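K.L.:
give me the fold of what follows.
(2 chains)
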Amino acid sequence: MSKNGPLALTFHSLVVVFMLAPLVVVCLVAFTPENTLSLPTAGFSLRWFEAVFERADFLEAFNNSLQLAFLAASLATLIAVPAGLAITRLQFPGRDFLNVLFLSPIIIPHLVLGVALLRLFALLGVNGSFTWLVLAHTVVITPYVLRLVIAAAIGVDRSAEQAAESLGASRFTLFRKITLPMILPGIAGGWLLAFINSFDEVTLSIFVTSPATQTLPVKMYVYATESIDPMMAAVSALVIALTAVTMILLDRVYGLDRVLVGKH
Amino acid sequence: MNSAVPAPATCARQHRDLRGYLLSAPALALFAALLIVPLLLTLVLSFNVFDYEVGIRADHWTFEHYLALLGDSYFLEIFWRTFWISALVTLLCVVIGVPEAYILSRMGSPWRSIFLVVILTPLLISVVVRAFGWSLLLGADGLINHAIQALGGAPMKLLYTPFAVIVALVHVMLPFMIIPVWTSLQKLDPAAEQAALSLGASQAKVMRLVVLPQVMPGVLSGTLIVFGLAASSFAIPGLLGGRRLKMVATLVYDQYLADLNWPMGAAIAIALLLVNLLIMLSWNRMIERRYKKSLG
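P.N.:
Model (predicted):
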């Protein structure tokens, strides 16, 4: 039942090509057998992927990023679930302020957060520390978990909770047996979204990482400003593949369109 | 941000109040220590005197960094460039994003959800990867120059120009325009369009009188997000603008990590944050006023 005319469909095709072109080119160039950035016209080769796996610094940065994203997303979930439930279920002075505060990292430029944290970490003498990097990422990605937790908690049918409460269930049992299972898709979706956002983060991280704690996007940024070779394309293709896997998971547990454009 | 959380259905008893603080305490502690305190420290830092020999002089105060922002032509040029590039990117996102969202909303299933995901998922891929993709396309030996030469034209310098920065920023920001417009289109009743058409209104008139008023709040909030993100973007100008084409974010980076003049960098960062917040707040106010007016 397409109601779009040929002009509209042409426009649409151009937009789709525009959105996909840079990603497709990266993936194609990653397979080039040449020494230069070129499309693999004379056969495909895996040599640049092999080159990536021989670079200890890139593997370490990848490992840093995975650990960082895993820890920060988990910590953000641990603090966002109780905060989200408090904001949706309880009435207390300052509730709206907390809601705005916890969502504010979305509208504060990461650049500003980066330099602000650099100052704090320098004064504390902890700049380049992995633990503090995890805490910094946790602040930045908490809004993503919080938003989905709040959406899930508002969507829950309260009658089951009220029934359990009137039957004498303790608050903890109520949370564990009723509320938690019902908001679990929101929590899982929030965790994955937070994971991706932490894994991709570059602007804040560039200020507060040391060579030992450098994340993959920071490593790639620094590498791309100095030299450009097909290995960069191979790393990028691997990042695209990893993101695709996370997105498929996200789609399974929560629904990709719900994450991207909100509930509808 | 401005979506207020509905009040809890049950009437809150007094002792529940404390539980609200208890449950929010871990998040509040983290946000106080790693968001509020660092921002205040940076505000203080921006008034500190900087000496190239001694470094930051924490007990000496000055307004000179803010005065330099207003008077130094080097800074003013970068601010002006950041402003016009962000404004142009925002305009392009409106011109491309609004019709695209409308076309998507008129598609049948399953194409609608397939293309929605295709267009929006680049959002989740690292901005460094996307910048690198554009450098492959726009480079001196890139695909676009190959195409130009194949058509008989002379190769052009595309990379490290405002053009490259603008194209890549539109690519990164377009989903942020399509999402709010799409959301407001979901609220549009297709019957209203059909009714107007069956009553003899032209397609153009339906667009102007039925569809556009409905999507305006979406377009406005998209404009806000896109402008704010573009004005503070770092990786795209850093990788595609080259050394000479600085924007505010790359300028701050240089002040901190190359010049080591942190107080100057802090002043620029604070100014960027304030301008961003100011635009968002005044824009929000304007949308609210319009919305109220249209409700009568």
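K.L.:
stretch B:251-263 close to chain A?
P.N.:
Yes. Under the criterion of Cβ under 8 Å from any Cβ of the partner chain, chain A is reached by stretch B:251-263 at B:252, B:253, B:256, B:257, B:262. (Each C-beta comes from the backbone N, C-alpha and C, glycine too.)
K.L.:
run through who's touching that stretch.
P.N.:
Residues outside stretch B:251-263 that contact it (Cβ atoms under 8 Å, 6 or more residues apart in numbering or on different chains): A:111, A:115, A:118-119, A:206-207, B:45-50, B:52, B:55-56, B:65, B:75, B:78, B:234, B:238, B:246, B:264-265, B:268-269, B:272.
K.L.:
ok so, going back, which of the residues of stretch B:251-263 next to chain A has the most neighbours?
P.N.:
Counting neighbours by other Cβ atoms under 10 Å in any protein chain shown, the top entry in these is residue B:252, with 27 neighbours.
K.L.:
pull the most distant pair out of the residues of stretch B:251-263 next to chain A.
P.N.:
The most widely separated members of the residues of stretch B:251-263 next to chain A, counting by Cβ to Cβ, are B:253 and B:262 (11.9 Å).
K.L.:
buried subset of the contacts of stretch B:251-263, written for PyMOL?
P.N.:
Those of the contacts of stretch B:251-263 that count as buried under 16 or more other Cβ atoms under 10 Å in any protein chain shown are selected in PyMOL with:
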select buried, (chain A and resi 111+115+118+119+206+207) or (chain B and resi 45+46+47+48+50+56+65+75+78+234+238+246+264+265+268+269+272)
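K.L.:
give me the subset of the contacts of stretch B:251-263 lying in helices.
P.N.:
Among the contacts of stretch B:251-263, the residues falling in helices (DSSP state H) are A:111, A:115, A:118-119, A:206-207, B:45, B:65, B:75, B:78, B:238, B:264-265, B:268-269, B:272.
K.L.:
out of those residues, flag the one nearest to residue A:103.
P.N.:
residue A:111 (18.6 Å).
K.L.:
ok, that closest one to residue B:229 distance?
P.N.:
11 Å (Cβ to Cβ, to the nearest Å).
K.L.:
show me what counts as buried in stretch B:95-105.
P.N.:
Applying 16+ other Cβ under 10 Å to stretch B:95-105 flags B:96, B:97, B:98, B:100, B:101, B:102, B:103, B:104, B:105 as buried.
K.L.:
from these, which are also near chain A?
P.N.:
Among the buried residues of stretch B:95-105, the residues that sit close to chain A (Cβ under 8 Å from any Cβ) are B:96, B:100, B:103, B:104.
K.L.:
hmm, the third one is touching residue A:4, no?
P.N.:
Right, the one you point to is residue B:103. Yes. Assessed by Cβ atoms under 8 Å, residue B:103 is found in contact with residue A:4 at 5.4 Å.
K.L.:
which neighbours do the two have in common?
P.N.:
Common neighbours of residue B:103 and residue A:4 (Cβ under 8 Å, 6+ apart) are residue A:12.
K.L.:
show me what from the stretch 151-296 of chain B comes close to chain A.
P.N.:
B:168, B:171, B:174-175, B:179, B:182-183, B:186, B:228-229, B:232, B:234-235, B:238-239, B:249, B:252-253, B:256-257, B:262, B:265-266, B:269-270, B:272-273, B:276-277, B:280.
K.L.:
toward the C-terminus from the helix or strand where residue A:77 lies, list the very next helix or strand.
P.N.:
Under the criterion DSSP states H and E, the helix or strand holding residue A:77 is helix A:56-89. Where DSSP H and E defines the elements, the next helix or strand beyond helix A:56-89 is helix A:95-103.
K.L.:
okay, the angle between that following helix and helix A:56-89?
P.N.:
Interaxial angle, helix A:95-103 versus helix A:56-89 (axes from the mean of the first three to the mean of the last three Cα atoms, to 10 degrees): 170 degrees.
K.L.:
how about the helix or strand hosting residue A:194 and chain B, touching?
P.N.:
Residue A:194 belongs to helix A:180-200 when elements are defined using DSSP H and E. Yes. Interface with chain B: helix A:180-200 contributes A:196, A:199, A:200 (Cβ under 8 Å from any Cβ).
K.L.:
tell me the mean pLDDT over that helix?
P.N.:
Helix A:180-200 carries an average pLDDT of 91.
K.L.:
enumerate the positions of it that are buried.
P.N.:
Neighbour-count burial for helix A:180-200 [16+ other Cβ under 10 Å]: A:183, A:185-200.
K.L.:
show me the shaky parts of chain A.
P.N.:
Along chain A, segments meeting pLDDT under 70 span A:1-2, A:262-264.
K.L.:
for the residue of chain B found nearest chain A, which non-adjacent residue is spatially closest?
P.N.:
Relative to chain A, the nearest point of chain B is residue B:133 (2.7 Å; Cβ to the nearest Cβ). Once flanking residues are discounted, residue B:133 sits nearest to residue A:22: 2.7 Å by Cβ to Cβ, 6 or more residues apart in numbering or on different chains.
K.L.:
name the nearest residue to residue 185, sequence neighbours excluded.
P.N.:
Let's take chain A. Residue A:185 sits nearest to residue A:254 (Cβ to Cβ, 6+ apart), 5.3 Å away.
K.L.:
my question was about chain B, not that one.
P.N.:
In space, residue B:185 is closest to residue B:105, 4.4 Å off (Cβ to Cβ, 6+ apart).
K.L.:
that older thread, looking at this, the residue nearest to residue B:133 is in a helix?
P.N.:
Yes. Per DSSP: H, G, I helix; E, B strand; the rest coil, residue A:22 lies within a helix segment.
K.L.:
identify the residues contacting it.
P.N.:
B:130, B:132, B:133, B:134, B:136, B:137, B:168, B:171 are the contacts of residue A:22 under Cβ under 8 Å, 6+ apart.
K.L.:
can you tell me which two in those residues are farthest apart?
P.N.:
By the measure Cβ to Cβ, B:136 and B:171 form the most distant pair in those, at 13.0 Å.
K.L.:
which of the two has more neighbours?
P.N.:
For residue B:136 versus residue B:171, neighbours defined as other Cβ under 10 Å are more numerous around residue B:136 (26 against 23).
K.L.:
any idea how far that one lies from residue A:219?
P.N.:
19 Å.
K.L.:
got a list of what residue A:224 touches?
P.N.:
Applying Cβ under 8 Å, 6+ apart to residue A:224 gives the contacts A:232, B:128, B:131, B:132, B:135, B:239.
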